[in-house]
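Peer 1: No letters, just coordinates:
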């Protein structure tokens, strides 16, 4: 019988909730900080690890905003995009929808053409080198005390002006407390009208009302995190009936204090309640995790069976915005893997 590690390594994978900026490897961050002569960050790996020990979600955002300042030009973004995609490919990820936040960079003076040209070049580099397919979600950086309406409008303008075929969706990240979701309604309506998918974060550090707001005002097709969904039976019924996917990132939730322990994480109950879920890594180096590690935690720390883990991995194909031909290829790969791993193949949606 294969070990847990062998089981996870043999699984084809899809990643739907991972942030480009939050995927920067520690060595890359230090390299770029030195390249641009920045002195606001730790200068060695040991100090950087300590820097990534977060007190709470607000502290995580503070560190995140400081770290992204090392990204200054097209080559920086190309390097980050290529490294991130190749890192996923090395974990048998076949397709990924990666979130990045262009307004964070443009508002501090980075040329938007450089941001988008860099991430697109890195995406194509990785596709040529490893076969992984990547598409982009442009994220609104919802932050308390800022003009969030303007940041949302500018983010959409940037996506439409520079995104090309690589950008498929508009997202919304940042803290939920103090950043009501309804204010973003017009920009998400405009995004949908322009042909983009709508994928906001909601219900991670706030209650289920935030998820309702994302559904009612932001046309959410998937929910980033959604860990508080189980607190509202009516919401559970709505999500189950409409099979609206929740992008679950257990280690991220633990590191930011959204949950207190793996044992307390709601993922097993979400599955028991029939909710559509997929498994993700969010900001892997910052949380000392990988997508591979998340699948191992699902088996070892969350108590999911191999069948449940396999079905969760296969479900991500159906929850993605990959074209139908691509989905068929991945379904075939999952069916072959099921035979090799001794599990039942998940039925196609």
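Peer 2: It's in. Here the structure is a predicted model, which means the values were calculated and not measured. Numbers count the residues shown, from 1 in each chain.

Peer 1: hey, let's count contacts and neighbours off CA atoms from now on
Peer 2: Fine.

Peer 1: Which strand residues bridge the residue lying closest to residue 127 once chain neighbours are set aside?
Peer 2: Ranked by CA to CA, 6 or more residues apart in numbering and with sequence neighbours excluded, the top spatial neighbour of residue 127 is residue 133, at 5.9 Å. In this entry, residue 133 is beta-bridged to residue 95, by DSSP bridges.

Peer 1: wait, what's in contact with residue 133?
Peer 2: Contacts here follow CA atoms under 8 Å, 6 or more residues apart in numbering; on that basis residue 133 touches 94, 95, 96, 123, 127.

Peer 1: I'd like these laid out as a markdown table, including distance to residue 142, pLDDT and neighbour count.
Peer 2: As requested, the contacts of residue 133 are arranged in a markdown table below (distance: CA to CA, whole Å; pLDDT from 0 to 100; neighbours: other CA atoms under 10 Å):
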| residue | distance to residue 142 | pLDDT | neighbour count |
| --- | --- | --- | --- |
| 94 | 30 | 98 | 22 |
| 95 | 27 | 98 | 28 |
| 96 | 23 | 98 | 25 |
| 123 | 25 | 98 | 26 |
| 127 | 31 | 98 | 19 |
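
Peer 1: before we move on, the earlier item: which pLDDT value goes with the residue nearest to residue 127?
Peer 2: pLDDT recorded at residue 133 is 98.

Peer 1: Begin at 387 from now on, thanks
Peer 2: All right, first residue 387 from here; so that's residue 519.

Peer 1: any idea how far it lies from residue 529?
Peer 2: Distance, residue 519 to residue 529, using CA to CA, to the nearest Å: 31 Å.

Peer 1: And for residue 573?
Peer 2: In this structure, residue 573 lies at 16 Å from residue 529, with CA to CA as the measure.

Peer 1: Which one's more surrounded, those two?
Peer 2: residue 573 (21 against 17; other CA atoms under 10 Å).

Peer 1: Now do the phi/psi pair for the more buried one.
Peer 2: Listed backbone geometry of residue 573 is phi -70, psi -30, with angles given as degrees, to the nearest 10.

Peer 1: Who are the contact partners of it?
Peer 2: Residues near residue 573 by CA under 8 Å, 6+ apart: 538, 539, 542.

Peer 1: Go again with 10 Å.
Peer 2: Applying CA atoms under 10 Å, 6 or more residues apart in numbering, we find residue 573 in contact with 535, 536, 537, 538, 539, 540, 541, 542, 543, 556, 579, 604.

Peer 1: Closest one of those residues to residue 389?
Peer 2: residue 556 (38.8 Å; CA to CA).

Peer 1: quick one: strands adjacent to the helix or strand hosting the closest one?
Peer 2: Counting by DSSP states H and E, the element that carries residue 556 is strand 553-559. Each strand pairing with strand 553-559, determined using DSSP bridges, is listed with its direction: strand 519-527 (parallel), strand 583-588 (parallel).

Peer 1: What are the boundaries of the helices in the stretch 587-735 of the chain?
Peer 2: Under the criterion DSSP state H, counting those that start in this stretch, the stretch 587-735 of the chain contains helices at 594-603, 619-628, 636-641, 653-658, 677-686, 692-705, 710-727.

Peer 1: Adding mean neighbour count, write those helices out as a markdown table.
Peer 2: Conversion of those to a markdown table gives the following (neighbours: other CA atoms under 10 Å):
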| stretch | mean neighbour count |
| --- | --- |
| helix 594-603 | 21 |
| helix 619-628 | 15 |
| helix 636-641 | 23 |
| helix 653-658 | 16 |
| helix 677-686 | 20 |
| helix 692-705 | 22 |
| helix 710-727 | 15 |
